[in-house]
Each structure stands twice: as C-alpha cells, then as structure tokens.
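Visitor: Need coordinates for the following:
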Amino acid sequence: MAIVVTGAAGFIGFNVSRLLLARGEEVIGIDNINDYYSVELKENRLAEIKNNPAFTFLKLDFSDFDALKSALDQHDVTKIVHLGAQAGVRYSLTNPFVYAQSNLIGHLNIMEYARHKKGFEHLVYASSSSVYGGNKNMPFSIDDRVDNPVSLYAATKKADELMSQSYAHLYRMPQTGLRFFTVYGPWGRPDMAMWIFTEKILAGEPIPVFNHGDMLRDFTFIDDIVDGIVRCLDNPPKDDGTMHTIGSNAPHRIYNIGNDNTVKLLDMIKVLEDCLGQKAEMNLLPIQPGDVKETAADITAIQNDLGFEPKTKIEEGIPKFIHWYKQYHKIN
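Guide: Got it, this is the predicted structure:
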C-alpha cells in the first residue's frame, strides 16, 4: 500500500516524503520539476531520498490525467498528499494560465483518480492562508468567509476547497484541506522572503521590505508543518454524520496550520541580522498587488481534533535555516 506525494521535489512535499519514508511507508513521489525556481535545488532535494528502496519517483505533470492514471495504475495507492501546485502570489499576476492548469485542472485530476481507486482512504491537499484575502478578523478562523480573494493564486486555492467539498459530498471520499501559513526552514524556497533576505544580506545588497515593514506573518517552521500534515493523513474525517463544515456532513475538513505566534516582519529581519552577524540595508517599498498586510492563524480546530502543537519560534527556526543555507551554499 503506497502513499502518493505530489510536489515531491518541492519544499513541503520533499520533507513530508522524507518523514513518511523514515517511518517505513512506501512513497510514490510526483513532480514535473518545472523551472518556476531552481531545478537544481529540486533535484538536490530528491537526491536526499531517491536511493531509499521504498521511494518511487515519477516525473510527470498531474494536470495530464492520462499520464497520471497510467503511471499510478501500476501501484496500490491508498492515500494521497497533494502538495503540488503553482505557488506564489506575485507570479500569478503575470502567468495566470499556469495557475488554472496546475491548481484547478491538476486538483480535479487528483480527485478523479482517487475516487475511482478501489480501497482509497484519504486525500490531504494544500490550500493556503491566502484564501483569507483582506479579511480583517484576527486571527483568521476556518469559520470566516473567504470569498474575497485578492490574488488569482488565492482564488485557485479557494476553488480547490470547493471542488473537494463537492467530491466529498457526492462520492463520500474523505479529504482534508490545509491552509498553510508562511512556511520556512531548511530546503526552503528561493522565492520566499526568508531566503531572499538571507541571500541579499550576505551579499551586502538592500532587501525589499514591502509596506514599509508594516507587515505581520505567522511564520511556521517546516518540521511543525510536516507534523501537522502527517497527523491529518493518519486521521481521515469520518463519514458518520459528523458536521465537519458548516451545513455539511460530507467527510471533508479544512484546517489552518500555522505557528499560532504572529511576528512583525521587522522582528523577523532582526533575528536574521543577529544570526548572520550583519545589518540589513532596507529598501522600504509600498505593498505589492495581491499581498496582504497581516496573517494570523487560529489553529484551535486542528489542536482540538488532532493534538497539533507547533513548537518552533523564529528564534529557534531561523538559526536552523541559516545553518542549512550556509552549508548548502558552502559559505563559511
């Protein structure tokens, strides 16, 4: 019995795959290794796990249903962790069709495959805190309305949640959607602020600080995120009449998964400076289209249901990221 992880060469997908393998699971990793960011980084992640005999890697685009079905029909798939997607708020402003293909068609393909798979148990998929848009209620609650996205990326993630709700209702297929909040850590993404700031500070270049630094984020360390994902994977919602969402007993849940400890952007930069032993030159800029001023996760639901408790504050997590970053780039 195998667990499929899409986006297996990505930041979160790689780390989930590594943990599942460590606990003895058979993992089938899927990724198309696109060039949205460094292909070399993605390949280096895979190199860490590809020699494990319990890991099978399939290079394919899950937005191609025939290719997906043909590749997976050879395996006994019981669960899927669907983390593959076209990420990035700002990129969606200039490349909208990529988001429709990967995030909408791709998500539909994964669900269609799963619902026809005999013995299938649970689909866990990635949503995003971006679905909250310009919501002013803090912290963000899963009971808040999320029908005012401020980016196409956010709109595709909300659409994924709606499609999953319909499939859970129609076909009683257990699903769990996770709204991630600003994930960082070793093997992270080069398009994220933590990486960009580190790279520029070390190079003595100014860092772009949007909204003049008046930003709040729920920075969540990768180990905490992976712990939450696996807890969800192991506990599919029951189809027993329980009201998992308002007005519905379909076996579909949505959880926020964050650090429960909102941090000012300028405070994050200060911790970075202390770890690197260098001051940052800040280029203060207006807020970017599609960005939001603050995010904060209400994680009460996942705490109560699954015992999820994030453990890593930025004062612990950032030094771990910096240590990995310097090792990876061979910086003394």
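
Visitor: Over to the nearest residue to Asn137 once chain neighbours are set aside. Which of the three states is it?
Guide: Leaving aside its chain neighbours, Asn137 sits nearest to Asp144 (5.6 Å; criterion: Cβ to Cβ, 6 or more residues apart in numbering). Heads up, the C-betas are built off the backbone N, CA and C, glycines and all. Each residue gets one of three states, and Asp144 gets coil by DSSP: H, G, I helix; E, B strand; the rest coil.

Visitor: and Asp144, how far is that from Asn135?
Guide: Asp144 sits at a distance of 6 Å from Asn135 (criterion: Cβ to Cβ, to the nearest Å).

Visitor: Is it correct that Phe197 is in contact with Ile207?
Guide: Yes: shown here, Phe197 and Ile207 form a contact pair, counting by Cβ atoms under 8 Å, at 4.8 Å.

Visitor: anything in contact with each of the two?
Guide: Common neighbours of Phe197 and Ile207 (criterion: Cβ atoms under 8 Å, 6 or more residues apart in numbering): Ile269, Ala280.

Visitor: mind listing the strands for the stretch 101-250 of the chain?
Guide: For the stretch 101-250 of the chain, strands defined by DSSP state E, counting those that start in this stretch occupy the ranges 122-128, 175-180, 183-184, 207-210, 216-217, 220-221.

Visitor: Tell me which of these lies nearest to Asn249.
Guide: The closest of those to Asn249 is strand 175-180. By Cβ to Cβ, the value is 13.6 Å.

Visitor: what angle separates the closest one from strand 122-128?
Guide: Taking axes from the mean of the first three to the mean of the last three Cα atoms, to 10 degrees, one finds that strand 175-180 is oriented at 30 degrees with respect to strand 122-128.

Visitor: coming back round to it: compare Phe197 and Ile207 (neighbour count), which wins?
Guide: For Phe197 and Ile207, the more surrounded residue by other Cβ atoms under 10 Å is Phe197, and the numbers stand at 21 against 18.

Visitor: Enumerate every residue touching Pro208.
Guide: Pro208 makes contacts with Ile196, Asn283, Leu285, as judged by Cβ under 8 Å, 6+ apart.

Visitor: Out of these, flag the one nearest to Ile299.
Guide: Ile196 (26.6 Å).

Visitor: picking that back up, out of the contacts of Pro208, show me where the pLDDT dips lowest.
Guide: In terms of pLDDT, the weakest of the contacts of Pro208 is Asn283, which scores 85.

Visitor: Which residues does the host helix or strand of that residue contact?
Guide: When elements are assigned from DSSP states H and E, Asn283 belongs to strand 282-285. Strand 282-285 has contacts (Cβ under 8 Å, 6+ apart) with Pro206, Ile207, Pro208, Val209, Phe210, Asn211, His212, Gly213, Ile269.
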